[in-house]
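Peer 1: Return atomic coordinates for the entry below.
(one chain, ligands or ions: 1)
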Amino acid sequence: MSLEFHQGRLFFGKDIDLTEILKKNQGHACYVYHLQVVKERYQSLVGSLQSDYQLKVHYAMKANANKDILKTFKEMGSGVDTVSGGEIAIALDNGFQASDVIFSGVAKSKEELALAIEKGIKQINVESPQELIRIGEMAKSVNKKVAVAFRMNPEVSPETHPYITTGMSENKFGMDKSFLPELLRILRRFPQNLYLRGLTMHIGSQLLELTALAEGIQKLRSIYHDLGVLGFAMESLDIGGGVGIHYKNNDDEEDFTLIQNYGAMVRETLKDYRGELIIEPGRVLVGRCGVLLCQVEYIKQTPYKSFAIVNTGMHHLIRPALYQASHRILPLKEQKEASKKLYDVVGPICESSDFLAKNYPLPKLKQGDGLAICDSGAYGYSMASTYNAHAMPNEFSF
Ligand SMILES: Cc1ncc(COP(=O)(O)O)c(C=O)c1O
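Peer 2: Residues are numbered from 1 along each chain as shown. Next comes the predicted model:
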């Protein structure tokens with residue numbers, strides 16, 4: 001599914017006329033989601049991973065918790081991976097069963113854990129010994145048994161932006177093997193209240209190269225085996241998310257090739273594994289389903305730069321400012337002439353980091369022109385804010 005011009009206007013797929021939507025939204029910035037894109041990607045990913053283990057997808061809803069997107073995942077049989085009490089509540093409100101919910105994150109508060117324990121969610125991914133003690137004590141106080149998985153830090157180094165690596169020794173996430181004796185001692189203190197159901201890892205996001213991921217899975221598998229030998233009834237391996245998308249490409253063929261390669265790598269790495277295999281994908285499933293529409297407020301020409309000042313920015317899509325991420329930008333109106341001009345596409349926020357692109361080639365723009373910031377379905381709206389007291393963008397899904 002791609003963005004294509006029909007009779008001079010940019011459409012999302014065949015039917016979604018983006019100019020119409022921007023008009024309907026009175027020119028204000030808004031996100032548009034194409035749910036078919038989510039379905040196609042989910043099916044491709046699940047298809048590529050079929051093997052002798054029992055696959056369960058837990059969509060990482062931090063990527064995009066739009067109601068229609070959540071409903072789409074629910075209907076396809078996915079569970080969710082959550083990272084806060086707020087996300088657990090949203091998941092349950094949107095029809096997910098507690099048994100469909102995993103809870104990850106390094107700083108789970110007592111209130112968040114109380115909610116997870118009370119609802120009886122499927123699994124809490126534990127990030128530190130102190131967290132495990134807290135869960136054990138809280139479970140004991142309400143006389144419950146809680147299923148946990150240890151989040152291991154496999155100490156691998158994926159090729160991605162340093163802000164989104166999570167599986168290296170310097171990162172705050174997970175625990176290396178040296179934590180195990182202490183964790184097992186804590187488990188033995190709470191035999192009626194803690195139950196180790198598996199291991200989990202997540203080494204980083206926007207991975208286009210899979211070697212570090214394969215290495216991490218092998219390490220996780222080996223610890224899993226050792227714990228089984230020690231008598232723990234291990235039943236689940238959770239290998240996290242992280243598969244990226246090719247933001248620079250217009251067509252999504254390379255994304256589907258990466259999904260197939262990921263599936264082949266996982267099947268090969270876990271060919272003798274028969275338990276439950278959990279994956280927590282986010283970006284690869286929803287990144288391409290969204291565009292952020294906006295309008296040019298002003299064109300400002302300086303001796304050094306041409307600025308296209310638009311009515312959206314880092315408050316709606318922070319990825320360029322935070323990770324130096326590049327998103328393709330397309331005009332909503334097709335321009336036939338080949339000549340392009342280099343623009344800095346910037347927003348209204350009083351920060352110089354408020355840009356969507358720098359030196360980006362676009363046809364000559366004028367005030368009022370509509371633009372689509374492409375591939376912004378993941379970590380777009382979910383990281384948006386009302387900074388400078390701007391409104392949150394509307395969302396439309398089809
Ligand atoms: C624990 C965990 N699981 C899954 C994900 C999803 O990652 P991605 O969107 O790269 O697939 C994240 C994202 O940071 C995460 O922290």
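
Peer 1: For the rest of this, base every contact and every neighbour count on C-alpha atoms.
Peer 2: Noted.

Peer 1: can you map out the strands along the stretch 151-300 of the chain?
Peer 2: Along the stretch 151-300 of the chain, the stretches classed as strands by DSSP state E, counting those that start in this stretch are 194-200, 236-238, 276-279, 290-301.

Peer 1: what do you get for the stretch 1-150 of the chain?
Peer 2: Secondary structure of the stretch 1-150 of the chain (DSSP E, counting those that start in this stretch): strands at 3-6, 9-12, 16-17, 30-33, 54-60, 79-82, 101-103, 123-126, 146-151.

Peer 1: and of these, who's closest to the ligand?
Peer 2: Nearest of these to the ligand, taken as CA to the nearest ligand atom: strand 54-60 at 5.0 Å.

Peer 1: coming back round to it: now the strands of the stretch 151-300 of the chain in JSON lines, with distance to residue 38 and mean neighbour count?
Peer 2: Formatted as JSON lines, the strands of the stretch 151-300 of the chain follow (distance: least, CA to CA, whole Å; neighbours: other CA atoms under 10 Å):
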{"stretch": "strand 194-200", "distance to residue 38": "25", "mean neighbour count": "23"}
{"stretch": "strand 236-238", "distance to residue 38": "22", "mean neighbour count": "24"}
{"stretch": "strand 276-279", "distance to residue 38": "16", "mean neighbour count": "22"}
{"stretch": "strand 290-301", "distance to residue 38": "10", "mean neighbour count": "22"}
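
Peer 1: Dump these to JSON lines, plus mean pLDDT and distance to the ligand.
Peer 2: Output for the strands of the stretch 151-300 of the chain, formatted as JSON lines (pLDDT from 0 to 100; distance: least, CA to the nearest ligand atom, whole Å):
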{"stretch": "strand 194-200", "mean pLDDT": "97", "distance to the ligand": "9"}
{"stretch": "strand 236-238", "mean pLDDT": "98", "distance to the ligand": "9"}
{"stretch": "strand 276-279", "mean pLDDT": "98", "distance to the ligand": "8"}
{"stretch": "strand 290-301", "mean pLDDT": "98", "distance to the ligand": "14"}
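
Peer 1: follow-up on the earlier one: tell me which of the strands of the stretch 1-150 of the chain sits most buried.
Peer 2: Among the strands of the stretch 1-150 of the chain, strand 79-82 has the highest mean neighbour count (mean count of other CA atoms under 10 Å), at a mean of 28.

Peer 1: Could you list every helix and strand that that one packs against?
Peer 2: Applying 3 or more CA pairs under 8 Å, 6 or more residues apart in numbering; DSSP states H and E, we find strand 79-82 packed against strand 54-60, strand 101-103.

Peer 1: same for the first one, what does it pack against?
Peer 2: To tie it back to what came earlier, the one meant is strand 54-60. helix 35-49, strand 79-82, strand 276-279.

Peer 1: 6 Å instead, please
Peer 2: For strand 54-60, the packing partners by 3 or more CA pairs under 6 Å, 6 or more residues apart in numbering; DSSP states H and E come out as strand 79-82, strand 276-279.

Peer 1: got it, and the shortest one?
Peer 2: Using 3+ CA pairs under 6 Å, 6+ apart as the contact criterion, the elements in contact with strand 101-103 are strand 79-82, strand 123-126.

Peer 1: What residues does this structure have near the ligand?
Peer 2: 60, 63, 104, 202, 205-206, 240-243, 280-283 (CA under 6 Å from any ligand atom).

Peer 1: From those, pick the one nearest residue 27.
Peer 2: Nearest to residue 27, judged by CA to CA, of the residues of the chain next to the ligand is residue 63 at 25.3 Å.

Peer 1: Now render the strands of the stretch 151-300 of the chain as a markdown table, adding distance to residue 124.
Peer 2: Output for the strands of the stretch 151-300 of the chain, formatted as a markdown table (distance: least, CA to CA, whole Å):
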| stretch | distance to residue 124 |
| --- | --- |
| strand 194-200 | 10 |
| strand 236-238 | 12 |
| strand 276-279 | 13 |
| strand 290-301 | 30 |
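
Peer 1: how about the ones you listed, which one is nearest residue 257?
Peer 2: For residue 257, the closest of these is strand 276-279, at 18.2 Å, according to CA to CA.

Peer 1: Can you name the residues in contact with the closest one?
Peer 2: 53, 54, 55, 56, 57, 58, 236, 237, 238, 239, 240 (CA atoms under 6 Å, 6 or more residues apart in numbering).

Peer 1: Recalculate using a threshold of 8 Å.
Peer 2: Contacts with strand 276-279, where a contact means CA atoms under 8 Å, 6 or more residues apart in numbering, come from 53-59, 235-241.
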